[in-house]
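# A structural model of the following input is requested.
(chains A and B)
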Amino acid sequence: MATPLETRQRRIFGLFVALPLLVYLALFIGPTVYSIYAGFTNWDGIDPPRWRGTRNYTRLVSDPQFITSFGNTLLILFGVGVAVFVLSFSFMLILRDMRGKGFVRGVIFMPHIVSPIVLAIFWGFLLRHDGLLNAAIVKMGGQPVAWIGPKSAFLMIMVALVWTSTGFYVAILMAGVDRIPKYFYEDAELAGASAWQRLRHVTLPLSWDVVGVAAVLWTISSIKIFEFIYAFGAAGGYMPPDYEWNTAVFVYGVTVGGANPLNRFGYASASAVLMLFLVTALVALLRRAMRREAVQF
Amino acid sequence: MKRVIALVALTAAVITTTTACGGATDSADPGRDKGSTEFTYWSMWQEKEPQAQVIKAAADSFTRDTGVKVTIQWHGRDVLKKLAPTLRGKAAADLVDQSINQLGSTLASSRRAADLGSVYDMTVTGEQQKVSEVIPAKYHPHLKDRDGRFYLVPYAVASEALWFNAARFPEFANAAPTNWEGFVAALDAVKAKGIAPLALDADNVGAAEYWPLIALIRAVGPDGMRKLAADQDGAAWDDPRVADAAGKLEHLVKGGYFAAGYDAGQYPAQQNAWAQGKAALILQGSWVPSESKSYAAPGFSYSSFQLPAINGGYDGVSANFFGFAIPRTARHGDAAGKFIAYFLNKSRLEGIATKAESITPREDIPAPASLESLQQALRDGQVYPTAAGIGLLYGKWKSSVLQPGAQALMQGRLGSQAWVAEMKRKTVEYWKAEG
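Presented below is the predicted three-dimensional model:
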C-alpha cells in the first residue's frame, strides 16, 4: 500500500516526465521519423510529398556533389578527429604538471567560446591571397602562397577545425585526468616507470571512460559542423565552392541554399537520414570498442 | 544534422498548420476589381536600403491618392523562402518582389503566380501609356511563364558586362573590342603596361560561372546554351564551337591574364582590388559600381562593354529582371495590380535609378552615370534572358554541373579538352539519373 506521499510523488513524477517527453516527441522524435518518411518522397515543402521509393538514395550515391561532401565529412570525422585527439592528449600531458595550467587551458579553450562565424571570417582574413599571413611572408621577402586555392582550401578548413575544437577536448580530458590521485603517479615513478609507461598504465586506464565519452561527442558533433564552413566559403549570396562542402552544407545547399529548384526536402532528408545512420553505427562501434571494465579508485 | 532535421520538421509543422486552413484553388485576377481597400506587400529589401525607401514613398502616396492601405513587411532577400509555406492556402502577401530566377522558381514554375496580363493592359497611373508600352517589347517574351502568361513586372534590369575605369582606360570607352581576337589583343596591351588585365573572385561560384556561361553563349547563342544544358546524349558538347570557346578561356587562365591570387582569395577581394586599379577589367553583374564604389580609386569613372562574340557568334545582352509578382492565391491582387501600374509612373520609378542606382526598364529614365554604357547596350542590342534562362529551365543542372565545372575551368584545375569531356560526361550522367 503506497503512502499518500508516495502517491503524490508518483503523480508529480509522471507530470514532470510527461511534459518534457511531449516536447521531445513533438520537436525531435516526430521530425526524425518524418524525415525518414520524407527521404522516400519528392517534397518541396509546399505540396504534399510524392512517393519516390528508394530513388533519392540511388541518386545520392551517384551525385558527385554528395560524394565530395560525404568524403569531406569523413575527412573531418577521422582526419580532424585524430589530430584533435593527438593534440589534446599532448596538451593534457604537458599541462598536467605545468604551473599556470589553468591559464593555458583557458587560452586553448578560447576559440570554442567564440562564434564559428567570427572565427571563419578571421581565418579568411589570415589566409586569403591578400591576407595577413601572405603580407607577413612578402614582408620577409617571400612569395605569397595560395593557402585557400581549390586544392588547399578544404585542408585549411580542417586545420581551423582542429584549432577550434582542441580546447574543448583538452578541457574534458583534463577534467578526467585531474581526478586521478597523485599517489598513483608517485608510486609509478618510484617503480621507475617512464612517461610513456605512466600514460599507458596509469593515465589511460583511469580516464578511459572520459576518453570514450569525448570520442562519442566528437563523432556526433563533427558530422554537424556547418557554420564555420558556410561562413568561410559562401560569398555574395552563393554557396561555398563544392570542394568545401560537407554533408551538412550539402543538405543546406539542396534545400534553402539558393539553387533552383528550391526546397528539395525529400532529397535532403535522404542525405540526412544516411548521415544519421552513419553516426548511430559509428557511435555503437565506438562504444563497443571502448568498452572496458571500469576501474574503481 | 539534428538542426537540419529540426528545420525540415519545423517547415512540415508550419505547412500542416497552414494547409489545414484550407487549400484555396481560386486564382487572383488582378484585373478583376474586387474593390479591395488594402493589400500586403512583402519586400525583398531591408527597410534602410534605397530601393525600400523609393517603394515606401510610392506606397505612402498611393495610400494618399487612392485610400488603399498598404501593409509592408521588409523581409530582405529571403522573402520568398518565407512566403513559400503560405502558398498552399491564401498567400500571406498580395504583392512580392525578387529577381526573375527567384520569382520564376518559387511562383511561376509551379503555377503559383497570378496572370499579370491585365496589369500590362492597365494605363500607367498619371500617364497615357499602358504598362505594356513602358516596358519595352523586347523584354516581354522573357517575362512570361511557360504558358505564355506574364508573371513579373520589372522595376529594375540588371545585366553583366566587363567593367573598367574609363578615366584610366579611355581606349575601352572610345573603341571597345568587338571580336575575341581584338579583346585578347587589348588585354595583351594592358599586360604590356604591367597591369593585370582581368580580376576574378574565382571562389565565388557566381563570378566564376559568368566566364564559361557567357563565352558559350557568345559561341553558340542562347538556344545553343539551352541545348548544352539539356543534352542527354552528349552530342551538343561535341560541337567544335564549344571546344573553341573553352580553349579561348583556357588561354586566358593559363596565359596569366587574371590578377595574382584570383584563385586563392575571398570574394570580393579581387573586385575591391580591381576598384583600386590593380586590374583593368572585371566580368561581373551591374551591381559592381554600387558594391565597389567605397573602395574605388579617386576619380574612378565606371563604364562597361560586352564580352565580344566568338567567331561572329552571338553578341546579345543579358537581361536579369527584378520586379513585382502577385501570388495566385492573393486576397487583394486587384489592389496590388493597381499599385504596380501606379509605381511605374516615370516620376516614381525614377527613384530606382537616381536613389537606388539601378537601370529601370523604362528607356525614358536615364540610368545613373556608372551604368549608362550598359543601359545603352541593353537599348541597342538584342536581349536574352539571364543565363539564357537555364537557371529557371534547368536550375539543378546549373547548380550541380555547370557551376562546379565552371569553377574547375576558371581555377585551371581542368584544361579545356578535359573540361569539355567532363561537362559532357556529367551532363549525360545527370540526365540519366534525373530520368
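# so where do the helices sit in the stretch 201-350 of chain B?
In the stretch 201-350 of chain B, the helices defined using DSSP state H, counting those that start in this stretch lie at B:205-229, B:240-254, B:269-275, B:288-292, B:333-343, B:346-354.
# closest to chain A out of those?
helix B:205-229 (4.2 Å; C-beta to the nearest C-beta). For glycine as for every other residue, the C-beta is placed from the backbone atoms N, C-alpha and C.
# Is that closest one in proximity to chain A?
Yes: applying C-beta under 8 Å from any C-beta of the partner chain, one finds helix B:205-229 in contact with chain A at B:205, B:206, B:207.
# okay if I get those residues as JSON lines plus neighbour count and pLDDT?
JSON lines is the format used below for those (neighbours: other C-beta atoms under 10 Å in any protein chain shown; pLDDT from 0 to 100):
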{"residue": "B:205", "neighbour count": "27", "pLDDT": "94"}
{"residue": "B:206", "neighbour count": "19", "pLDDT": "93"}
{"residue": "B:207", "neighbour count": "28", "pLDDT": "95"}
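# And the helices in the stretch 51-200 of chain A, which stretches?
Under DSSP H, counting those that start in this stretch, the stretch 51-200 of chain A gives helices at A:55-61, A:64-74, A:81-96, A:101-113, A:116-127, A:132-139, A:153-178, A:182-190, A:195-198.
# Could I get the ones you listed in CSV, plus columns for mean neighbour count, distance to chain B and mean pLDDT?
CSV is the format used below for these (neighbours: other C-beta atoms under 10 Å in any protein chain shown; distance: least, C-beta to the nearest C-beta, whole Å; pLDDT from 0 to 100):
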stretch, mean neighbour count, distance to chain B, mean pLDDT
helix A:55-61, 17, 6, 93
helix A:64-74, 19, 5, 96
helix A:81-96, 18, 16, 91
helix A:101-113, 14, 18, 88
helix A:116-127, 18, 5, 95
helix A:132-139, 13, 8, 96
helix A:153-178, 20, 8, 94
helix A:182-190, 12, 39, 90
helix A:195-198, 13, 38, 87
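# List the first helix or strand encountered after the worst-scoring helix or strand of chain B on mean pLDDT toward the C-terminus.
Least confident helix or strand of chain B, by mean pLDDT, DSSP states H and E, is helix B:2-20 with a mean of 45. Using DSSP states H and E, the helix or strand that follows helix B:2-20 towards the C-terminus is strand B:38-43.
# For residue B:157, give me phi and psi.
Main-chain dihedrals, residue B:157, degrees, to the nearest 10: phi -120, psi 130.
# and it, bridged to which residues?
residue B:321, residue B:359 (DSSP bridges).
# Quick check: it touching residue B:374?
No: in this structure, residue B:157 is not within contact of residue B:374 by C-beta atoms under 8 Å, at 9.0 Å.
# Run through the neighbouring helices and strands of the helix or strand hosting residue B:432.
Using DSSP H and E, residue B:432 sits within helix B:416-434. Applying 3 or more C-beta pairs under 8 Å, 6 or more residues apart in numbering or on different chains; DSSP states H and E, one finds that helix B:416-434 makes contact with helix B:205-229, helix B:240-254, helix B:395-397, helix B:403-410.
# tell me the mean pLDDT for it?
Here helix B:416-434 scores 96 as its mean pLDDT.
# ok, residues contacting it?
A:59, A:62-64, B:228-234, B:237-238, B:242-243, B:246-247, B:249-250, B:396-397, B:400-402, B:405, B:408-409, B:414 (C-beta atoms under 8 Å, 6 or more residues apart in numbering or on different chains).
# do you know how far the residue of the stretch 201-350 of chain B found nearest chain A is from residue B:198?
Residue nearest to chain A within the stretch 201-350 of chain B: residue B:261 (2.8 Å; C-beta to the nearest C-beta). Distance, residue B:261 to residue B:198, by C-beta to C-beta, to the nearest Å: 13 Å.
# again with residue A:244
For residue A:244, the distance to residue B:198 - C-beta to C-beta - is 24 Å.
# before we move on, the earlier item: and residue B:68, which of the helices of the stretch 51-200 of chain A is closest to it?
Counting by C-beta to C-beta, residue B:68 lies closest to helix A:116-127 out of these; the figure is 42.0 Å.
# List the contacts of the closest residue to residue A:213 other than its chain neighbours.
Nearest non-adjacent residue to residue A:213, counting by C-beta to C-beta, 6 or more residues apart in numbering or on different chains: residue A:172, 7.3 Å away. Contacts for residue A:172 (C-beta under 8 Å, 6+ apart) come out as A:210, A:213, A:214, A:217.
# Buried only: go through those for me.
Buried by 16 or more other C-beta atoms under 10 Å in any protein chain shown: A:210, A:214, out of the contacts of residue A:172.
# Which one of the contacts of residue A:172 is nearest to chain B?
residue A:217 (13.8 Å).
# and the helix or strand that closest one falls within, which residues are buried?
Taking DSSP H and E as the definition, residue A:217 sits inside helix A:204-223. Residues of helix A:204-223 classed as buried: A:206-208, A:210-212, A:214-216, A:218-219, A:222-223 (neighbour count, 16+ other C-beta under 10 Å).
# could you dump the helix holding residue B:432 to PDB, C-alpha only?
Listed next in PDB are the C-alpha coordinates belonging to helix B:416-434 (Å, rounded to 0.1, in the frame of the first residue of the first chain):
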ATOM      1  CA  SER B 416      39.800  22.900 -72.000                       C
ATOM      2  CA  GLN B 417      39.700  19.500 -73.600                       C
ATOM      3  CA  ALA B 418      39.400  17.700 -70.300                       C
ATOM      4  CA  TRP B 419      36.800  20.200 -69.300                       C
ATOM      5  CA  VAL B 420      34.500  19.700 -72.300                       C
ATOM      6  CA  ALA B 421      34.800  15.900 -71.900                       C
ATOM      7  CA  GLU B 422      33.900  16.200 -68.200                       C
ATOM      8  CA  MET B 423      31.000  18.500 -68.800                       C
ATOM      9  CA  LYS B 424      29.700  16.200 -71.500                       C
ATOM     10  CA  ARG B 425      30.100  13.100 -69.200                       C
ATOM     11  CA  LYS B 426      28.500  14.800 -66.200                       C
ATOM     12  CA  THR B 427      25.600  16.200 -68.300                       C
ATOM     13  CA  VAL B 428      24.800  12.800 -69.800                       C
ATOM     14  CA  GLU B 429      25.000  11.200 -66.300                       C
ATOM     15  CA  TYR B 430      22.900  14.000 -64.900                       C
ATOM     16  CA  TRP B 431      20.100  13.400 -67.300                       C
ATOM     17  CA  LYS B 432      20.300   9.600 -66.900                       C
ATOM     18  CA  ALA B 433      19.900  10.000 -63.200                       C
ATOM     19  CA  GLU B 434      17.100  12.500 -63.500                       C
END
